[in-house]
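S.K.: with the input below, show me the fold.
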Amino acid sequence: MTTRPDLSVQLFSVREQLAENFPGTIAALAKIGLTRVEPFGMVDFADQLKAALTDNGLAAPTSHQSLVDVELGRVLDIAADLGVGTVIHPFTPPADWTTKGDVEQVARVLNQAAERAAGYGIRIGYHNHDWELRLELDGQTSLEVLLSLVDPAVVLEVDTYWAAVGGQDVPALLGRLGDRVVALHLKDGPLTGVTADQLPLGSGDLPAAEILAATTALEVPVLEFDNYAGDIFEGIGTAYRYATSTLGFSR
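M.R.: Numbers count the residues shown, from 1 in each chain. Predicted coordinates:
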């Protein structure tokens, strides 16, 4: 059986719980069995993050952090201090993907960040939603156009749910993107784009096993819910158990 990298979880899934009890929330994730987390907005939570990661023996190999209108040096200093190896730009609005010039501007932001991050031994990545894959330019998805414009050092974190909502055959997409995909967001549900309907991995319409089989350079598989109608810790636990019992991830 293929050895899978350790699972992570996107902390945006528990943003409300973090606001109420940051250390207790991180401890609850560790209790599920997770050894890695993916922070969001790490600049805003740096001190709390460092303490909680240390207290629970957790690593944060990736982190979401906007690269627009921020002091990049501070972002990279914090990432280095937290042990984050890949800083992922999480969101560029749909209006910024409609022309080649739009995509070139996104590429410039990523390339400039990647050049500076290299001095820290840190990579820069991009995380998609549905619109980068629904919109096309010259017969290619806007995300694939972006990939042709960025430095080879820039990597992708493919959100498999949003890629499917964007109309993509996700395993086929991953085959085209190849080894530029180093991280995945793994979640499930009916592919309506209604985040409140999201379900634990293995409970919805996404072919999780086929998605994983299509990756060639996966380093960080990340469980995530944008929203969840049930108890979020139970949802994450259900996804974790499915991944470890059925998909071959280690406990």
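S.K.: for the lowest-mean-pLDDT helix or strand in the chain, the distance to its chain's centre please.
M.R.: Across the helices and strands of the chain, mean confidence by mean pLDDT, DSSP states H and E is lowest for strand 136-137: a mean of 94. Taking the mean of its C-alpha atoms, strand 136-137 sits 23 Å from the chain's own mean (C-alpha atoms, centre = their mean, to the nearest Å).
S.K.: partners of that strand, with directions?
M.R.: Sheet partners assigned to strand 136-137 using DSSP bridges are listed as strand 140-141 (antiparallel).
S.K.: quote the end-to-end distance of stretch 169-187.
M.R.: End-to-end distance for stretch 169-187: 15 Å, by C-alpha to C-alpha, to the nearest Å.
S.K.: wait, doesn't Gly167 sit right on Leu133?
M.R.: Yes: Gly167 sits in contact with Leu133 when judged by C-beta atoms under 8 Å, with a separation of 6.8 Å. For the C-beta atoms, the positions are set from N, CA and C on the backbone; glycine is no exception.
S.K.: these two: which is more packed in?
M.R.: Neighbour totals were compared for Gly167 and Leu133, and Leu133 leads with 24 against 12 (other C-beta atoms under 10 Å).
S.K.: can you give me the helices in the stretch 51-200 of the chain?
M.R.: Under the criterion DSSP state H, counting those that start in this stretch, the stretch 51-200 of the chain carries helices at the ranges 72-82, 100-117, 131-134, 142-149, 160-165, 170-177.
S.K.: could you export the shortest one as PDB, CA atoms only?
M.R.: Only the C-alpha atoms of helix 131-134 are listed here, as PDB (Å, rounded to 0.1, in the frame of the first residue of the first chain):
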ATOM      1  CA  TRP A 131     -14.300  30.300 -10.200                       C
ATOM      2  CA  GLU A 132     -10.700  29.800 -11.200                       C
ATOM      3  CA  LEU A 133     -11.800  26.500 -12.600                       C
ATOM      4  CA  ARG A 134     -15.200  27.500 -14.000                       C
END
